[in-house]
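> predicted model and sequence below, questions to follow.
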Amino acid sequence: MATEEYFDIPILDLGEALQNPGVAGQKVVGALESVGFMGIVNIPDFDVEKLRQCCQWFFSQPWEVKSSLMKKEFNSNNQNVYRGYFPVLENSASRKEGFEIAADVQSDDPEVIRGNWFYEKSIWPPENGDFKFKKTMIDSYSRLHQIAMDILKLASIGLGFKYNAFEDLFKNKPCSTFRLLHYPPWDGNPPANALIEDNKVVTTPVHTDSCFLTLLATFQYHGLEVLTPEGKWLPVRPNTKGLVMNVGDLFSKMVGGRFVATQHRVLDIGIDRFSVPFFLEPRFDADISVNILKGPSHELSRDVVQYGPWVLKRMEDKGFFEFKNLPKF
Ligand SMILES: O=C(O)CCC(=O)C(=O)O
Ligand SMILES: [Fe+2]
C-alpha cells in the first residue's frame, strides 16, 4: 500500500514553550506566518479524552433530547437561535450535526436585554448522573480559552510585543463558540456538490474560519485536509492527544495579512467522525479595525469596526447553513 503523504505542520510542545517563551514565540510566529496551522502537544491540565467522552455522550442522546435543544431554525417550538443543537441536513455538502455552547453572561447585561443573540445563554440536555456533561463542557471551555491565550501570549512575544498585546480583545464577554461535531459517513450517494477531485467526498467543503483562531481536537480521525502554500491539498496527521490550531480570518486581518488563514476542508472517511473545535472570538463590540502590528492609532476620525457586525456579514457572505435566518436585533 502506498504510504500517504501528509502535510507536516509545525508542532509546539506547550509545556516546554511556556518555560521558554522567547524561543517558542519565534516558532509560533513562524508557524502562523508560513502555514497558519500548528499542532499543540504536551498541554498542561488538558485531557482530550474528556472531549471525546462529551461527543460520545451527547451524540448518543435520544432524538427527543436533541430536538428539544435544536436551534429555532430547525425546530420552531424552540427559542434558542444561536446556541444549542443543529442536525444533519440531507443534501447539503456540509454533513454534520453539532452542539454549541459559550460562556454565559448575566441576564441583566445590556446586550442580553437588547436581544443580542451572540450572548444567548447556553442550553443543556438533562443528565442522569452517568456523565457530568455540562460540567465537563464548561470546564473544557475555560481551559481551551486559557490555552488560546497562551498561544496568543507566545505570538505576542514572538512579534516583539508585550506578552498581552492581544488580550484586551477577549476580556469581558468573548463571543467564542465551543462546538462538538459528529460527521456521519455519507450513506448511499452523496450529492454532486459533495464530490471533489480524485473521487473524494467532503463532509465540510473548503473554507477558512472566520474567528480569531481555532483550537481543534481531531482525536484519531483522519479527514482534515489543508491547502498547502504550494497549492496542494494534503491531509493533516491526526493529533491524538493534543490539539490542532489554525489562524482565522480575523487574526489574519488584524495583523495585515502577515498570518495566514489557511483554507481547509473535511473529507468523508467512511466511518463516523468526531471533532471538537473551539473558535476563539472577541467580545461583540471589540474594535477590530486596528492593525495590531502597527500599534493603536490615535486618529480621531478613525472608524471603529465592531467584531459582531463584521462577523455577521461574513457568515452571511459565506452562507454557512448553521447561521442562516438569524433574527435582527
Ligand atoms: O472537523 C475538523 O477536523 C475540522 C472542522 C472545521 O474545519 C471547522 O469546524 O471549522
Ligand atoms: Fe474550519
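Good, I have the coordinates. Ligands and ions are numbered 1, 2, ... in the order given.

> make it CA atoms for all contacts and neighbour counts henceforth
OK.

> got the residues of the chain near ligand 1?
209, 218, 224, 266, 275, 277 (C-alpha under 6 Å from any ligand atom).

> and the last one, what is it in contact with?
So that's residue 277. 178-181, 214-217 (C-alpha atoms under 8 Å, 6 or more residues apart in numbering).

> quick one: the helices in the stretch 201-329 of the chain, in order.
Counting by DSSP state H, counting those that start in this stretch, the stretch 201-329 of the chain has helices at residues 249-254, 307-318.

> just the CA atoms of the first one, as CSV, please.
As requested, C-alpha coordinates have been extracted for helix 249-254 and formatted as CSV (Å, rounded to 0.1, in the frame of the first residue of the first chain):
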residue,chain,number,x,y,z
ASP,A,249,-9.8,35.4,9.1
LEU,A,250,-9.9,37.9,11.9
PHE,A,251,-6.4,37.2,13.2
SER,A,252,-5.1,37.4,9.7
LYS,A,253,-6.9,40.7,9.1
MET,A,254,-5.7,42.3,12.4
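
> Serialize the contacts of residue 277 to a markdown table and add fields for neighbour count.
As requested, the contacts of residue 277 are exported to a markdown table (neighbours: other C-alpha atoms under 10 Å):
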| residue | neighbour count |
| --- | --- |
| 178 | 26 |
| 179 | 22 |
| 180 | 24 |
| 181 | 20 |
| 214 | 25 |
| 215 | 25 |
| 216 | 22 |
| 217 | 25 |
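
> can you tell me which of these lies nearest to residue 202?
For the contacts of residue 277, the residue nearest residue 202 by C-alpha to C-alpha is residue 181; the value is 14.7 Å.

> so that closest one, which of the three states?
strand (DSSP: H, G, I helix; E, B strand; the rest coil).

> tally of neighbours for the closest residue in space to it that isn't next to it in sequence?
Closest residue in space to residue 181, ignoring its immediate chain neighbours: residue 98 at 4.5 Å, by C-alpha to C-alpha, 6 or more residues apart in numbering. Neighbourhood size, residue 98 [other C-alpha atoms under 10 Å]: 23.

> ok, now which ones touch residue 98?
By C-alpha under 8 Å, 6+ apart, the neighbours of residue 98 are 85-87, 179-182.

> which one of these is nearest ligand 1?
Here the nearest of the contacts of residue 98 to ligand 1, counting by C-alpha to the nearest ligand atom, is residue 181; it sits at 7.0 Å.

> this completes my enquiry, with thanks.
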